[in-house]
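Undergrad: Predicted structure and sequence below. I'll ask about it afterward.
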Amino acid sequence: MELIKKIKQTEAQAQEIVEQAKAEAASLAEQGRQYRRQLLEQAERERKKAVQEAVSQGQSQARQEIESLKAQAEKQRQELRQKAEHKKAAAVARVMDYLGSDFAKRPQNQVPV
């Protein structure tokens, strides 16, 4: 009788140990899931931050490049205007010389058409 009692008591203790082990395993598994979830959330936040920083940096570089290109284009326009002004002045002078010499060769009563 005593032996049966000890066996039942040992079985109960074994069952209790098994239940505790199951509970601890479930708890550890949940902790692991929470830890992985936290790591994933942190990685996602860092990824979003990195993307935002990259976008911001890209926009900044684009603005700088735009300003540089605008300045370069304005410089080229000014150079072209200066060249055109010199050519225009020379062309006007040649036309005036031509008209002046042509006008001088004409008789006084003829007007150029």
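TA: Okay, I see it. Numbering: from 1, shown residues only.
Undergrad: What's the separation between L99 and A90?
TA: 15 Å (C-beta to C-beta, to the nearest Å). To be clear about C-beta, it is placed using only N, CA and C from the backbone, and glycine gets the same treatment.
Undergrad: likewise Q78?
TA: 19 Å.
Undergrad: Any idea how far the strand or helix carrying Q72 is from the middle of the chain?
TA: Assessed by DSSP states H and E, Q72 sits inside helix 2-105. Helix 2-105 sits 5 Å away from the centroid of its parent chain (C-alpha atoms, centre = their mean, to the nearest Å).
Undergrad: Tell me how far the residue nearest the centre of the chain lies from I66.
TA: A centroid search over the chain (C-alpha atoms, centre = their mean) returns V55, at 3.0 Å, as the residue closest to the centre. Using C-beta to C-beta, we find V55 at a distance of 16 Å from I66.
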